[in-house]
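Student: would you be able to build a 3D model of this:
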Amino acid sequence: QVQLVESGGGLVQAGDSLRLSCAASGRTFTIYAMGWFRQAPGKEREFVAAIGYSGGVTAYADSVKGRFTISRDNAKHTLYLQMNALQPDDAAVYYCAADSTPFIVEVTTSVSDYDYWGQGTQVTVSS
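Tutor: Take a look at the predicted model:
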């Protein structure tokens, strides 16, 4: 079992940066691939970024590639999402999630492949 708690969201202007954090409980964090997803009002939850259990493999949605960076600190059991050049279309509730299949090499972008979810943190971007 993994419990996830996101933080770092807030209200920013277009072009600003934010760093989201996701604190995980449990030693098993270090063996799970992790992902960030987001959900805007009236829209489905969508993939943002993912990182393998060791941090060596990453994947990004085309809409955030080059602006967002996912990383993890396994010693601190924490997942991060550095978001630069934020745009109004990035506004959403951001969720971190864990894929409970241990030691997988490839990361997945599918919502249904992630088993544990945080409660989300709101990101609002004004134009």
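Student: which one is residue 55 nearest to, not counting chain neighbours?
Tutor: residue 72 (5.3 Å; Cβ to Cβ, 6 or more residues apart in numbering). For glycine as for every other residue, the C-beta is placed from the backbone atoms N, C-alpha and C.
Student: mind checking how far the one you found is from residue 38?
Tutor: Separation of residue 72 from residue 38 (Cβ to Cβ, to the nearest Å): 18 Å.
Student: and the strand ranked longest in the chain, how far out from the chain middle?
Tutor: What stands out as the longest strand in the chain, according to DSSP state E, is strand 92-102. What separates the centre of strand 92-102 from the centre of its chain is 6 Å, taken as Cα atoms, centre = their mean, to the nearest Å.
Student: which SSE is immediately downstream of it?
Tutor: Where DSSP states H and E defines the elements, the next helix or strand beyond strand 92-102 is strand 116-117.
Student: for the spatially most central residue of the chain, phi and psi?
Tutor: Centroid check for the chain by Cα atoms, centre = their mean gives residue 36 as the closest residue, at 2.1 Å. Dihedral angles of residue 36 (phi, psi; degrees, to the nearest 10) stand at phi -110, psi 140.
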